[in-house]
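# Provided below for reference: sequence and predicted model.
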Amino acid sequence: GAVVNSMKLELCNFSGYKILPGHGKRYVRIDGKVFNFLNGKCEHSYNMKRNPRKTCWTVLYRRKHKKGTVEETVKRRTRRTVKHTRAIQGASLQEILMKRNQKPEVRKAQREQALRAAKAKVAEKKERQRAFKAQQKATQTKQMKGGKSKMPKQVKQTGR
């Protein structure tokens, strides 16, 4: 074992396995690129232009299809989002907490009371508008009955 470790280990260009000293073939292409093959099977597969990712006994295939990974996957711990209650415009933190801790019946009663108040306000506004319109109508009819209008009649001028 100690002798092998000090010598250079090559990797097969097709299968991805280690090539021990004294084994395998080295193939140099015309463009000068060097290929190391573990055995004839790897060399012939490469020459037939087989894809090592589709050949099931190669390291690349096993890596692609997640074979033989025994190390347990570390589960990522997701950070819990911490909720903070902050004061918002128009309501302090104490008011918000008070409203949150109220009983639903109390909250319902308050909501109904607020609705009644809003409806009463709308009704009052409508009533005021109705009274104003009635008053306007009365003043218009008085003016009509007065006979003479305040505006003088325009005299028709004829051009010569």
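Structure's in. What do you need?
# Shouldn't Arg53 be within a strand?
No - going by DSSP: H, G, I helix; E, B strand; the rest coil, the assignment for Arg53 is coil, not a strand.
# give me the number of residues near it?
13 (other CB atoms under 10 Å). (C-beta placed from N, C-alpha, C; glycine too.)
# Give me the pLDDT for it.
For Arg53, the model assigns a pLDDT of 96.
# what's near enough to touch it?
Counting by CB atoms under 8 Å, 6 or more residues apart in numbering, Arg53 touches 60-61, 64.
# For the protein, which segments count as helices?
Ranges of helices in the chain, per DSSP state H, are 2-6, 40-47, 59-64, 93-100, 104-145.
# Using TSV, please lay out those helices together with mean neighbour count and distance to Lys156.
Formatted as TSV, the helices of the chain follow (neighbours: other CB atoms under 10 Å; distance: least, CB to CB, whole Å):
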stretch	mean neighbour count	distance to Lys156
helix 2-6	7	126
helix 40-47	16	113
helix 59-64	15	102
helix 93-100	11	73
helix 104-145	10	24
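# least reliable of the ones you listed going by mean pLDDT?
Mean pLDDT is lowest for helix 2-6 out of the helices of the chain, coming in at a mean of 62.
# residue nearest the centroid of this protein?
Nearest to the mean C-alpha position of the chain, by CA atoms, centre = their mean, lies Thr81 at 16.2 Å.
# Pull up the gap between that one and Ile88, please.
Distance of Thr81 to Ile88, given as CB to CB, to the nearest Å: 19 Å.
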